[in-house]
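1. Predicted model follows, preceded by the sequence.
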Amino acid sequence: MKKAEEKRGRKGTFVVAGMALFILVLFSFPRSAVSGALEKNSILSVILSDPLIHICAFGSFAIVLAWHFSGQRKIKFFLGRVALLAISYGLFIEIYQIFIPYRSFQVIDLVFDGVGISLALGATAIINGANGKRREVERQGNSD
């Protein structure tokens, strides 16, 4: 059991690092790189809107972090840790963008990062709660 947890921990670290790198690269591109395609296609302009990209990217990042830290016993602690790490990374990305000529720091981006993180962690809490209740019912059924 211990070896399986260690293997999952290493694998999780690579997945988290890969996701973080993907987000860093994604938010390093100039917005003008896709603006031509967005003007021609209204569906694409909704899918690739800046708020939706922030919500999806940081929601996904929060899910990956939650999966990585899912061995924690206390759900509130583990969700709090995930939220803090994810929003801190969002702040890092915004500060990083100050130094890129065609990007800028925007507080509204942090708000959308927080929305994505909140939605992801809310879903995680609901799923974990449902799984916990199911396990409790199974334990009660086995003890009869």
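-> Perfect, thanks for sending it.
2. shaky segments in the protein?
-> Within the chain, the ranges that satisfy pLDDT under 70 run 1-9, 31-48, 71-76, 130-144.
3. can you count the residues close to residue 113?
-> When neighbours are defined as other Cβ atoms under 10 Å, residue 113 has 26 of them. C-beta: built from backbone N, CA, C; applies to glycine.
4. repeat for residue 25
-> 9.
5. and if you look at residue 55?
-> Each residue near residue 55 was counted by other Cβ under 10 Å, and the total is 21.
6. Now it. Nearest residue, chain neighbours left out?
-> residue 116 (3.8 Å; Cβ to Cβ, 6 or more residues apart in numbering).
7. Number of residues surrounding the one you found?
-> Neighbour tally, residue 116, other Cβ under 10 Å: 24.
8. ditto for the one 3 residues further on
-> For residue 119, the neighbour count with other Cβ under 10 Å is 16.
9. OK, contacts around it?
-> Residues near residue 119 by Cβ atoms under 8 Å, 6 or more residues apart in numbering: 55, 59.
10. Which positions within stretch 60-71 qualify as buried?
-> 60-66, 68-69 (16 or more other Cβ atoms under 10 Å).
11. er, stretch 88-101 actually
-> 89-90, 93-94, 97.
12. Go ahead and name everything in contact with that stretch.
-> 20, 23-24, 27-28, 54, 58, 61, 103-106, 109-110, 113-114, 117.
13. so of the residues you listed, which ones are in helices?
-> Among those, the members found in helices (DSSP state H) are 20, 23-24, 54, 58, 61, 109-110, 113-114, 117.
14. out of those, who's nearest residue 84?
-> Using Cβ to Cβ, residue 117 comes nearest to residue 84 of these, at 9.8 Å.
15. Run through the residues that contact that closest one.
-> 58-59, 61-62, 82-83, 86-87, 90.
16. Put together TSV for these, with distance to residue 16 on each row.
-> Putting the contacts of residue 117 into TSV (distance: Cβ to Cβ, whole Å) gives the following:
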residue	distance to residue 16
58	13
59	14
61	8
62	11
82	10
83	15
86	10
87	15
90	15
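17. ok, so of these, who is nearest residue 15?
-> residue 61 (10.5 Å).
18. check contacts around that closest one.
-> 19-20, 23, 86, 89, 117.
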